[in-house]
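[1] Take a look and give me a structure for this.
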Amino acid sequence: MSAGDRVERSKAKEREKGKENLTLWERLERPSPTARTPLNPRRIAEAAVEIADQEGLDAVTMRRLATALGVAPMAAYRYVSSKDELLELMVDHVYGEVDLSPARSGWRQVMRELAVHLLEVGRRHPWVTRVGWFGLTPNQIAVPEAALAALGAEDLDADTAMAVYSTVTSYVSGALDAEIGLTRMLESRGWASYDEARSGLAPQMAWLVSTGRYPMYARYLGEATRKGDLQWQFEIGLDCVLDGVATRLKIADGATEDQ
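    Just a heads-up that it's a prediction; the model follows:
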């Protein structure tokens, strides 16, 4: 470690003494001292997310981040004091991509659009499933806030509204995990597409079907036209979830077109 890095580390430790009981978000709300480097939380988050997207979550280190930002290795410690806080900042940045202004009103449309947006974010940043969908950051909390506001308009009690939100987001998480698992399986076998996967698995599937034990699955293989349409599969399943919520709780869609 260079003399400059040692000085930066010493200063960082001194700063930590004054903020031991503050969360990352409380510290970031406070005016920051004038820095010698043109850093800010957004730049740090953007650089770290880009590394994770391109190289994987394990590649995100404070030193790798400093290299991407073109600053000294200790510079980012002005804003984040640990790898955990860096991950928290990254997840919050990613959640900021969720569109919280649905095109239509009504609980169902709000929940549907939030689910679709969450899936899109997860597809762009699959590493987020490793860190976790659940956390206490400003942008993360804004998502259930929007959902609960829409559900609250239907006079649902707080517990029921949160249960509905959790049900929908659990569906999103399950669908995303399945897509990520499928992608990893394709990569592990060297298949570049679903067509290549079907060709590779064809002999095994042909034998299984030939046994006559799986007539309904054989029908699916012969008649289905959306085997590789993951977006359609996700949305039809999502509509089934929302239909179930509406029926169980006896609430109408309540959607109105924006004028």
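
[2] how about the strands of the stretch 51-200 of the chain, start to end?
    Read by DSSP state E, counting those that start in this stretch, the stretch 51-200 of the chain holds no strands at all.

[3] tell me the contacts of the closest residue to W191 other than its chain neighbours?
    Excluding the flanking residues, the one nearest W191 by Cβ to Cβ, 6 or more residues apart in numbering is A197, at 4.6 Å. Quick note: C-beta positions are derived from backbone N, CA and C, even for glycine. By Cβ atoms under 8 Å, 6 or more residues apart in numbering, the contact set of A197 is 185-186, 189, 191.

[4] try L176
    If you count contacts by Cβ under 8 Å, 6+ apart, L176 has them with 119, 122-123, 126, 129.

[5] which one among those residues gets closest to Y165?
    Nearest to Y165 out of the contacts of L176 is L119 (Cβ to Cβ; 15.2 Å).

[6] That closest one: neighbour count?
    L119 is flanked by 21 other residues according to other Cβ atoms under 10 Å.

[7] Could you report the distance from it to G174?
    11 Å (Cβ to Cβ, to the nearest Å).

[8] and if you look at R63?
    Applying Cβ to Cβ, the value for R63 to G174 is 36 Å.

[9] swap in W127?
    Here W127 is placed at a distance of 18 Å from G174 (Cβ to Cβ).

[10] Could you tell me which residues within stretch 183-200 count as buried?
    Residues 186, 191, 197 are the ones in stretch 183-200 that count as buried (16 or more other Cβ atoms under 10 Å).

[11] hang on, I meant stretch 95-102
    95-96, 98, 100, 102.

[12] Then stretch 147-160?
    Those buried within stretch 147-160 under the rule 16+ other Cβ under 10 Å are 147-148, 150-151, 154, 156.

[13] for stretch 68-77, same thing?
    68-69, 71-77.

[14] CSV for these, including pLDDT and distance to A161?
    Formatted as CSV, these follow (pLDDT from 0 to 100; distance: Cβ to Cβ, whole Å):
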residue, pLDDT, distance to A161
A68, 94, 41
L69, 93, 41
V71, 91, 44
A72, 89, 47
P73, 81, 45
M74, 87, 45
A75, 88, 43
A76, 88, 38
Y77, 87, 40
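
[15] Go through these and say which is closest to N21.
    Y77 (17.8 Å).

[16] from memory L69 sits against A75, does it?
    Yes. Between L69 and A75 there is a contact at 7.4 Å, judged by Cβ atoms under 8 Å.

[17] residue contacts, the residue nearest to E46 when sequence neighbours are not counted?
    Leaving aside its chain neighbours, E46 sits nearest to H93 (6.8 Å; criterion: Cβ to Cβ, 6+ apart). H93 makes contact with 42, 45-46, 49, 139, according to Cβ under 8 Å, 6+ apart.

[18] Out of those, which is nearest to L230?
    V49 (23.2 Å).

[19] what's the neighbour count on that closest one?
    21.

[20] Roughly how far does the closest residue to Y165 other than its chain neighbours sit from W127?
    Spatial nearest neighbour of Y165, chain neighbours left out: A147 (4.6 Å); criterion: Cβ to Cβ, 6+ apart. According to Cβ to Cβ, A147 stands 24 Å off from W127.

[21] ok, the buried residues of stretch 183-200 vs D53, which is closest?
    L186 (18.5 Å).

[22] residues in contact with the closest one?
    So L186 contacts 192-194, 196-197 (Cβ under 8 Å, 6+ apart).

[23] what about the residue nearest to Y165, distance to R124?
    Per Cβ to Cβ, A147 is found 21 Å from R124.

[24] Quick check: the gap between the residue most central in space within the chain and A66.
    Nearest to the geometric centre of the chain sits G122, at 4.0 Å (Cα atoms, centre = their mean). G122 sits 28 Å away from A66, taking Cβ to Cβ as the criterion.

[25] contacting residues for the nearest residue to Q140 once chain neighbours are set aside?
    Counting by Cβ to Cβ, 6+ apart, Q140 lies nearest to Y95, which is 4.9 Å off, once chain neighbours are set aside. Taking Cβ under 8 Å, 6+ apart, we find Y95 in contact with 121, 137, 139-140, 142-143.
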